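Q: I'd like to go over a predicted model; first the sequence, then the structure.
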Protein chains: 2
Amino acid sequence: MVINLNKKDKRKNKLYGGIEGGGTKFVCGIGNENGDIIESVSIKTTTPEETVMQIQELYKIGWKKYDLKKIGIGCFGPLDLDKGSKTFGYITSTPKSGWQFFNLRESLNKALEKKIVLDTDVNAAALGEYFWGNGKGYNDFVYITIGTGIGAGIMSNGKLIHGLMHPEVGHILIPDEKILEGFDGVCPYHKRCLEGLASGPAIKTFWKENIENLPLTHPAWEAESSILAYGLVNIILTVSPKRIILGGGVMEQKNLFNKIRNKTASLLNGYIQKDEVSKSINDFIVPAGLGKNAGLLGAIALAIID
Amino acid sequence: MVINLNKKDKRKNKLYGGIEGGGTKFVCGIGNENGDIIESVSIKTTTPEETVMQIQELYKIGWKKYDLKKIGIGCFGPLDLDKGSKTFGYITSTPKSGWQFFNLRESLNKALEKKIVLDTDVNAAALGEYFWGNGKGYNDFVYITIGTGIGAGIMSNGKLIHGLMHPEVGHILIPDEKILEGFDGVCPYHKRCLEGLASGPAIKTFWKENIENLPLTHPAWEAESSILAYGLVNIILTVSPKRIILGGGVMEQKNLFNKIRNKTASLLNGYIQKDEVSKSINDFIVPAGLGKNAGLLGAIALAIID
């Protein structure tokens, strides 16, 4: 929601900056702990230097009046988030031209003179769901986005998993070679990984049709839900989540949910003897709770939780 | 190590109880924060009631002199570890006759009049590695045991992952139907899951030979390392560990390590651009650091960390 706060509310609510960094645009905003967005401006992604300069103007001139302590940024990756690393805070091996090994965290920190809290776009989105969406009240859940790519933010014991880097579940390898038989997928790194077979571009490549033009009864959705179910089963058996939230452009096709739920249960075959999976799977695999502001809210959440 | 402490050391070192609960024996012991084992006694696993009674006699009579505050128990499962659940602390759907839905935690708590800290045997073993073995200094690592079954303890941000239940990575589904072609595996729940294809019983069933009799050059080890590499790749891409520790009976075959390392790197295909994986894989995939007392030490670690 985008609202106007009166002066009294402003005093009550501490404000935080948030930036959703994407390949085509950087959405900058200001919000509070209630998940209200006070300001929001979209900047076109050009070169790293020019983009950072535009963000600088926005926050240091346009939004000078707000006394921000921290700015969260959820950005496309891969990112180096290891504090001990020489390239901590860098965008690393991205295919996005000009952005490879750009020190995003330090550039923004210098330009804005604020503490910058950097994480992946999908970790930020998971955190947004944890604060204000369908992850609320869950200390152990997985948020998966299925769109141009496939990625996950994983919350365990109330903390996002980073480890060596961050989860890269888009690249787990999928069994059952009969689904989309003979298709290696669109990933340049792996044959038949989740993203290679089930992302938006994968669907378009295999079926030679835009997703919007595929009717509900098209076999594409049977295949898509089967592949996603294989991915979910492996994720469930590895991190034991209490809930799985599915978002991203491909999941706009709402009839996917029941297909995925049924196929996931069928593949697990009664092994997980917990009511959440065996009896309440509609409440176990759920859509994302935040709408079009999810990315920006997630970035604001990064600043809040830091 | 099993040592005798003199009186001075006893005063310095707080003592904890530990029980390694297995299908054939319960190993009970007492140890300290240095990982020294002071006492250790093995009890045959019979009925739950009789086994608990023997443990009671041991701790309440034989070991009365030790002023134990807590006793950790790492037990075969599946276990219900969800504090909010009606069957919290139970062994649930185990195939072990007589032990299904036995309230292990409460039975031991009443019998011993001590706080009981229950977790899976593999979580306990992971914690033992974290305290005194090859997980020392790693807040994000995976410990996998490959033996009669396959299981994992996963540490993320310094805490073991539990979530809905606990990791069950033995049952993740494995791609590449050409390995052990035509073999569905030995798991009664899933076709071609990790445990079904790569556990000790799976090797014995497929190759019709005891593991000890399979020479280093036998094709069984090529197949075994390929299956394990598929499992590792999916685990790495999901939880992003800084180290993977492999233990259990099957990993006694030490020439498996280099095969697994090479195949894991090959399947990742340069996607994880971190030195730990690309340059130092010998230090990324490592054997367990604790020897034959690993299970008991892990149980003691559960009591210490609680």
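A: Cool, the structure landed.

Q: model confidence for the closest residue to chain B within the stretch 1-150 of chain A, exactly?
A: Using CB to the nearest CB, the closest approach of the stretch 1-150 of chain A to chain B is made by residue A:140 at 3.7 Å. No exception for glycine: its C-beta is placed from N, CA and C like everyone else's. Among the per-residue scores, residue A:140 holds a pLDDT of 97.

Q: over to the one 3 residues further on?
A: At residue A:143, the pLDDT value in this model is 98.

Q: following the chain past the helix or strand harbouring it, name the next helix or strand.
A: Using DSSP states H and E, residue A:143 sits within strand A:141-146. Moving toward the C-terminus from strand A:141-146, the next helix or strand (DSSP H and E) is strand A:150-156.

Q: and the next helix or strand past that following strand?
A: Beyond strand A:150-156 on the C-terminal side, the first helix or strand identified by DSSP H and E is strand A:159-160.

Q: what angle do the strand holding residue A:143 and strand A:150-156 make?
A: 170 degrees (axes from the mean of the first three to the mean of the last three CA atoms, to 10 degrees).

Q: buried ones in strand A:141-146?
A: Judged by neighbour count (16 or more other CB atoms under 10 Å in any protein chain shown), strand A:141-146 contains these buried residues: A:141, A:142, A:143, A:144, A:145, A:146.

Q: that one pairs with which strands, parallel or anti?
A: Its sheet considered, strand A:141-146 pairs with strand A:150-156 (antiparallel), strand A:243-247 (parallel) by DSSP bridges.

Q: single out the most deeply packed of these.
A: Highest mean neighbour count among the strands paired with strand A:141-146 (mean count of other CB atoms under 10 Å in any protein chain shown): strand A:150-156, with a mean of 28.

Q: circling back to that earlier point, which residues are in contact with the strand holding residue A:143?
A: For strand A:141-146, contacts defined as CB atoms under 8 Å, 6 or more residues apart in numbering or on different chains pick out A:122, A:125-126, A:129-130, A:135, A:150-155, A:169, A:198-200, A:228, A:231-232, A:235, A:239, A:241-251, A:288.

Q: try 6 Å
A: Strand A:141-146 is touched from outside by A:122, A:126, A:129, A:135, A:151-155, A:235, A:241-248, A:250-251, with contacts defined as CB atoms under 6 Å, 6 or more residues apart in numbering or on different chains.

Q: tell me which element residue A:71 falls in.
A: Element membership of residue A:71, judged by DSSP H and E, is strand A:70-75.

Q: can I see the domain layout of chain A?
A: Using automatic domain parsing, the domain parsing of chain A gives A:16-125+A:293-305, A:137-288.

Q: what residues does chain A have near chain B?
A: If contacts are counted using CB under 6 Å from any CB of the partner chain, the residues of chain A sitting beside chain B are A:93, A:140, A:156-157, A:159, A:161, A:163-169, A:171-173, A:175, A:177, A:189, A:234-235, A:237-242, A:269, A:271, A:273-274, A:276.

Q: and stretch A:58-67, how far out from the chain middle?
A: In terms of CA atoms, centre = their mean, to the nearest Å, the centre of stretch A:58-67 is found 27 Å from the chain centre.

Q: can I get it as CSV, trimmed to CA atoms?
A: Extracted as CSV, the C-alpha positions of stretch A:58-67 are listed here (Å, rounded to 0.1, in the frame of the first residue of the first chain):
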residue,chain,number,x,y,z
LEU,A,58,17.0,10.9,-5.2
TYR,A,59,18.0,10.2,-1.6
LYS,A,60,20.4,13.1,-0.9
ILE,A,61,18.3,15.8,-2.6
GLY,A,62,14.7,14.7,-3.1
TRP,A,63,14.4,12.7,0.1
LYS,A,64,16.8,14.7,2.3
LYS,A,65,14.0,15.6,4.7
TYR,A,66,13.7,12.0,5.8
ASP,A,67,16.1,11.0,8.5
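
Q: can you pull out the residues in contact with it?
A: By CB under 6 Å, 6+ apart, the list of residues contacting stretch A:58-67 reads A:15, A:28, A:30, A:41, A:112.

Q: ok, stretch A:194-210 next?
A: Contact partners of stretch A:194-210, identified using CB under 6 Å, 6+ apart, comprise A:147-150, A:170, A:172, A:174, A:180, A:183, A:185-187, A:211, A:220, A:224, A:227-228, A:231, A:249-250.

Q: so the residue of the stretch 1-150 of chain A closest to chain B sits against residue A:240, correct?
A: No. Applying CB atoms under 6 Å, one finds residue A:140 not in contact with residue A:240, separated by 7.0 Å.

Q: any regions of chain A where pLDDT drops low?
A: Residue ranges of chain A with pLDDT under 70: A:1-13.

Q: let's see 90
A: Scanning chain A for pLDDT under 90 picks out A:1-13, A:67, A:69, A:77-78, A:82-85, A:92-97, A:270-279, A:291-292.

Q: going along the chain, name the strands of it.
A: Secondary structure of chain A (DSSP state E): strands located at A:15-21, A:25-32, A:37-44, A:70-75, A:115-120, A:141-146, A:150-156, A:159-160, A:243-247, A:285-287.

Q: can you redo those as a markdown table with distance to residue B:61?
A: Listed next are these as a markdown table, based on distance: least, CB to CB, whole Å:
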| stretch | distance to residue B:61 |
| --- | --- |
| strand A:15-21 | 61 |
| strand A:25-32 | 62 |
| strand A:37-44 | 66 |
| strand A:70-75 | 59 |
| strand A:115-120 | 55 |
| strand A:141-146 | 47 |
| strand A:150-156 | 41 |
| strand A:159-160 | 43 |
| strand A:243-247 | 47 |
| strand A:285-287 | 52 |
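
Q: show me where the stretch 201-306 of chain A has its helices.
A: Under the criterion DSSP state H, counting those that start in this stretch, the stretch 201-306 of chain A contains helices at A:219-239, A:256-268, A:275-278, A:281-284, A:294-305.

Q: looking at those, which one is packed in the most?
A: Comparing the helices of the stretch 201-306 of chain A by mean count of other CB under 10 Å gives helix A:294-305 as most buried, with a mean of 27.

Q: just checking, what packs against that one?
A: If you count contacts as 3 or more CB pairs under 6 Å, 6 or more residues apart in numbering or on different chains; DSSP states H and E, helix A:294-305 packs onto strand A:15-21, strand A:25-32, strand A:70-75, strand A:115-120, helix A:121-132.

Q: what angle sits between that helix and strand A:141-146?
A: Taking the same axes, to 10 degrees, one finds that helix A:294-305 is oriented at 150 degrees with respect to strand A:141-146.

Q: how far away from the center of its chain is helix A:294-305?
A: Computed by CA atoms, centre = their mean, the separation of helix A:294-305 from the middle of its chain amounts to 11 Å.

Q: how about residue A:216: what's its closest non-neighbour residue?
A: residue A:255 (5.4 Å; CB to CB, 6 or more residues apart in numbering or on different chains).

Q: what residues does stretch A:283-298 touch?
A: Contact partners of stretch A:283-298, identified using CB under 6 Å, 6+ apart, comprise A:18, A:20, A:27, A:29, A:35, A:37, A:74, A:124-125, A:127-129, A:133-134, A:244-245, A:247, A:261, A:276-277.

Q: quick check: end-to-end length of that stretch?
A: In stretch A:283-298, first residue to last residue: 22 Å (CA to CA, to the nearest Å).

Q: now it, how far from the centre of its chain.
A: 9 Å.

Q: returning to that earlier point: report the two of the contacts of stretch A:58-67 separated the most.
A: Comparing all pairs in the contacts of stretch A:58-67 by CB to CB, the longest separation belongs to A:15 and A:41, at 15.0 Å.

Q: and these two? Which one has more around it.
A: Neighbour totals were compared for residue A:15 and residue A:41, and residue A:15 leads with 21 against 15 (other CB atoms under 10 Å in any protein chain shown).

Q: give me the beta-bridge partners of that one?
A: What pairs with residue A:15, by the bridge criterion (DSSP bridges), is residue A:32.

Q: was I right about it contacting residue A:30?
A: Yes. When contacts are counted by CB under 6 Å, residue A:15 is listed as touching residue A:30 (5.5 Å).

Q: contacting residues around the residue of the stretch 1-150 of chain A closest to chain B?
A: Taking CB under 6 Å, 6+ apart as the definition, contacts of residue A:140 comprise A:156, A:241, A:242, B:163.
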